[in-house]
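K.L.:
Give me coordinates for this.
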Amino acid sequence: MKTIARPDYESVSLETGLRWNQSNAVQYSEKLDGCRNEIRIGQSVIVGELMQDGRFFAFDLPIFQGNDIRRESRRARLAMLDTFNLLRPESDTNGGELLRRVLARGGEGICAADWESPFNATVWRCKRIETFDCLVTAKDVSRSTIQLSLDGTDAGWCPARSAFWKIQLGDVVEVAAYRRNASGKLRESRFIRLRPDRQSIS
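P.N.:
Next up is the predicted model:
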């Protein structure tokens, strides 16, 4: 059961991400395509991504030896995280170069976070394709489609044939789309997967 709320993530275009350059104020790290997870080691809580092959990659440390350190800087938290000797996503001080390497090997994208930011500060992400976590508000059996809500706004209908019968109203699903139109609807959305690791959104 998850106990630590996720930071907010804001997406930027691929064009913008490729222009991210050298910065000692920002940590650029690979965005992994797993499920958010928490592990506990003693009285410490570590958050990261659990991959389909069972590997866990640690990316932040909100609780260290029983102490809530979410207000500490990212730099301080990750220095403490280093003491656990866990797998970590690749990181670099040059965002554009890291993004090119990640995309070249088929990776999803990268994230950018201020080194001095607390745990719940916004993290910026740049991905190969734009994906969205949406709430399922209706199902159309005749077309095997699901209606989506994003930020409380109707995001349109999405084909979901591969998992239609597993999806329930109120589930959070990840979908890909070319972009979000001004109307709030997603352009040519495509179902990717259920996201049981995401808290319910409205």
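
K.L.:
Could you give the number of residues near R40?
P.N.:
For R40, the tally of surrounding residues (other Cβ atoms under 10 Å) stands at 10. All C-beta atoms are positioned from the backbone trio N, CA, C, and that covers glycine.

K.L.:
Number of residues surrounding the residue nearest to E116 when sequence neighbours are not counted?
P.N.:
Of all residues not flanking E116 in the chain, S73 sits nearest, at 4.7 Å (Cβ to Cβ, 6 or more residues apart in numbering). Applying other Cβ under 10 Å, we find 16 residues neighbouring S73.

K.L.:
Any regions of this protein where pLDDT drops low?
P.N.:
1-2, 199-202 (pLDDT under 70).

K.L.:
can you do 90?
P.N.:
Low-confidence segments of the chain (pLDDT under 90): 1-15, 33-35, 52, 106, 108, 127-131, 162, 176-182, 187-188, 196-202.

K.L.:
Contacts only, for N67.
P.N.:
Residues counted as contacts of N67 (Cβ atoms under 8 Å, 6 or more residues apart in numbering): none.

K.L.:
With the one 10 residues further on instead?
P.N.:
Counting by Cβ under 8 Å, 6+ apart, R77 touches D60, L61, P62, F64, I69, R70, F119.

K.L.:
Which of those fall within strands?
P.N.:
D60, L61, P62, F64 (DSSP state E).

K.L.:
Could you identify the buried members of those residues?
P.N.:
D60, L61, P62, F64 (16 or more other Cβ atoms under 10 Å).

K.L.:
Roughly how far does the first one sit from S73?
P.N.:
If you measure D60 against S73 using Cβ to Cβ, to the nearest Å, the figure is 12 Å.

K.L.:
What is the distance between stretch 89-99 and the centre of its chain?
P.N.:
How far stretch 89-99 lies from its chain's middle: 17 Å, per Cα atoms, centre = their mean, to the nearest Å.

K.L.:
Kindly export that stretch (C-alpha atoms) in PDB.
P.N.:
Extracted in PDB, the C-alpha atoms of stretch 89-99 (Å, rounded to 0.1, in the frame of the first residue of the first chain):
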ATOM      1  CA  PRO A  89      18.200   5.600 -13.100                       C
ATOM      2  CA  GLU A  90      21.000   7.000 -15.200                       C
ATOM      3  CA  SER A  91      21.400  10.800 -14.600                       C
ATOM      4  CA  ASP A  92      23.500  13.600 -16.100                       C
ATOM      5  CA  THR A  93      24.000  17.300 -15.800                       C
ATOM      6  CA  ASN A  94      23.300  17.800 -19.500                       C
ATOM      7  CA  GLY A  95      19.600  17.100 -20.200                       C
ATOM      8  CA  GLY A  96      19.700  17.200 -24.000                       C
ATOM      9  CA  GLU A  97      22.600  14.800 -24.200                       C
ATOM     10  CA  LEU A  98      21.000  12.400 -21.800                       C
ATOM     11  CA  LEU A  99      17.700  12.500 -23.600                       C
END
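
K.L.:
Could you list the domains of the chain?
P.N.:
Listed by automatic domain parsing, the domain ranges of the chain are 9-127, 130-194.

K.L.:
In this protein, where's the longest strand?
P.N.:
The single longest strand within the chain, with elements called by DSSP E, is strand 130-140.
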